[in-house]
Each structure stands twice: as C-alpha cells, then as structure tokens.
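Trainee: Predicted model and sequence follow; I will ask about them next.
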Amino acid sequence: VSVLSAASDGYNVCLFAYGQTGSGKTYTMMGTPDSIGLTPRICQGLFRSEDVSSDGQNSRVEIFLEIYNERVRDLLRGGEQKKRASLRVREHPEKGPYVQLSQHVVSSCKQAMELLEEGISNRITAATHNHNASSRSHAIFTIQYTQAILENNLPSEIASKINLVDLAGERADPNYCRDRLTEGSNINKSLVTLGIVISALQNSQMSSSCQSINSMASEAESTGGSNSSALSDRGGGGGGRRHCFIPYRDSVLTWLLKDSLGGNSKTIMIA
C-alpha cells in the first residue's frame, strides 16, 4: 500500500528484495502462478485504484530490463538477437540515467501481467548448489505512472516511477566454473556498491541535518542568543558546506536506480 500511495503522491519508488541465493527474493517479488508476488500485486493495485478514483485518464508505461555481468538487456524486446543485445547506459543532464529500452503502454491488468510473465521467461538463470534455477542477473521492472489531474482548474499531470527490483543472489563458490565465478564477482560488486550508495545517502542526509542546525545556531548567535553558542561551536569551525559524493556510477545497478534512491524518492528494502 505504501508503494501505491507514494507513487500517487508523485514520488519515485524503489522496492527491492535482498539476500543470498535461495532466500526467496524472486518468490517475494514475482511469486508463482499459485501465489503471486509483490510485483503483480502492485500492478493489480494500480488498476484497482484507478477503477475507484479516476476517470481512466491515467497512463502506465512498462519497461523490463536485466543487468547481467554489468551489461543491460531488454527483456521485452522481440527477436532473439535483440533480446541478447547489450544496451548502453547514458545520462541526460536533466532526466538522469537512461537506456534505450522498448516501452509498452498498458491499459489493463491483464496486459501488465502478460508483459511481466514474458520478461521473467527471458531472464538468465543457472543452477547453483542452493537453487535449481537461480537468477544470475538483477531484474528491474519499471512502471512509469502518469496521473491526469486538475490544478487551479487547469489540466496537469503527476508523473512518478516505480522500480521493482529482483536482485541476484549474493554468493560465491570456488567450485563453480569460470562463467559462474565471473557472474558471482559482478553480482557481489554491484551489491557492495548498492550498500555503499545507501550508506552515503544516509550520511548525506545526516550531514544536511547537522548543517541546518548549525546554520540556525549561527543565526541565533549573531542576534545575541546565548543559548546557541554551544551548538555553533560544535563541529570544529568548518563553516563551508560539504557535499557528500554518492558513487552511483560505480555499478550499472546503482547508476540506473539513481533517481529512485536519491532525490524525490522513497526506497523500501526487503531482506
């Protein structure tokens, strides 16, 4: 429910499952025909909420990609050659990172589910010691959700993006063949980078909060407020604003999720 409400309010949302191979990440995110996961439930919820609250003018565009060995593949592009093609990540100065993926407008929950199932069937899997068909790639199912609204009696839009991420399992086994070891190395690298990015974002938020407190204390001190001196003296006197570097581009996963991890976004992790 929090994913749907945040998207309705105009936030970008990122929901991902994290854990070792065999811990149930794909089951949680995608589910099975008998027990659907969070991704199909969210798709159903988007259409159900519109049936109740809108006139049908909202739009949804779906894209589905996987990141395998730091390369991006379109899971919904037709043709075997196109499916196997590696796509380049670019960054727009205003819109942020993007990939030239096929985009699919959906007008019903049935269409959304068919696209989801098609993409899942095209993912790269391999047998591991813990799992007969373990996902060897990160999969990102994206819903670009646009709501038509009236603002001051004028037509307007609220645009948001929902990224539903099924991460590959974190596991390395020296008994695997070279291909499996390469996969494991790239998977672990991207997961480590994801942790570093999240930690850096947390530190950046804490730093911003401290700067706000120090700024208020300095302002109060300049007006003669004696109670603010203790606050303004803390921190070593470095008056310049410090910016925390966020290493988004250290992996393809964090680069593509840049606008869903920082800025106008809400991130939910299931571990």
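Mentor: Yes, it's here.
Trainee: Could you use CA atoms for every contact and neighbour count after this?
Mentor: Noted.
Trainee: okay, now P33: neighbour count?
Mentor: Using other C-alpha atoms under 10 Å as the criterion, P33 is surrounded by 7 other residues.
Trainee: ugh, typo on my part, it should be N153
Mentor: 7.
Trainee: Please state the offset of stretch 100-112 from the chain centre?
Mentor: Remark: stretch 100-112 is offset 18 Å from the chain centroid, using C-alpha atoms, centre = their mean, to the nearest Å.
Trainee: Tell me where the model's unsure across this structure.
Mentor: Judged by pLDDT under 70, the chain has its weakly predicted residues at 1, 49-56, 79-84, 125-134, 170-177, 179, 208-243.
Trainee: Show me where it has its strands.
Mentor: Assigned by DSSP state E, the strands in the chain fall at 12-17, 59-68, 71-74, 89-92, 96-99, 104-106, 125-126, 134-135, 138-151, 154-166, 265-270.
Trainee: mind checking which of the ones you listed is nearest L201?
Mentor: Of all these, strand 265-270 sits nearest to L201, with 11.4 Å by C-alpha to C-alpha.
Trainee: Name the residues linked to A159 by a beta bridge.
Mentor: When bridges are taken as DSSP bridges, the partners of A159 come out as T146.
Trainee: circling back: dump the strands of the chain into a markdown table; add distance to L46 as well.
Mentor: As requested, these are exported to a markdown table (distance: least, C-alpha to C-alpha, whole Å):
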| stretch | distance to L46 |
| --- | --- |
| strand 12-17 | 13 |
| strand 59-68 | 9 |
| strand 71-74 | 23 |
| strand 89-92 | 28 |
| strand 96-99 | 24 |
| strand 104-106 | 11 |
| strand 125-126 | 29 |
| strand 134-135 | 27 |
| strand 138-151 | 9 |
| strand 154-166 | 11 |
| strand 265-270 | 17 |
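Trainee: Test my guess that L261 contacts M269.
Mentor: No: using C-alpha atoms under 8 Å, L261 and M269 do not qualify as a contacting pair, with a distance of 11.0 Å.
Trainee: neighbour count winner among the two?
Mentor: Between L261 and M269, L261 has the larger neighbour count (other C-alpha under 10 Å), namely 23 against 10.
Trainee: That one and I140: what is the separation?
Mentor: Counting by C-alpha to C-alpha, to the nearest Å, the gap from L261 to I140 is 14 Å.
Trainee: Please apply the same query to P155.
Mentor: As judged by C-alpha to C-alpha, P155 and I140 stand 31 Å apart.
Trainee: The two: who's more crowded?
Mentor: More neighbours sit around I140 than around the other of P155 and I140, counting by other C-alpha under 10 Å; the figures are 24 against 9.
Trainee: Can you name the residues bridging to S135?
Mentor: Going by DSSP bridges, S135 is paired in beta bridges with T125.
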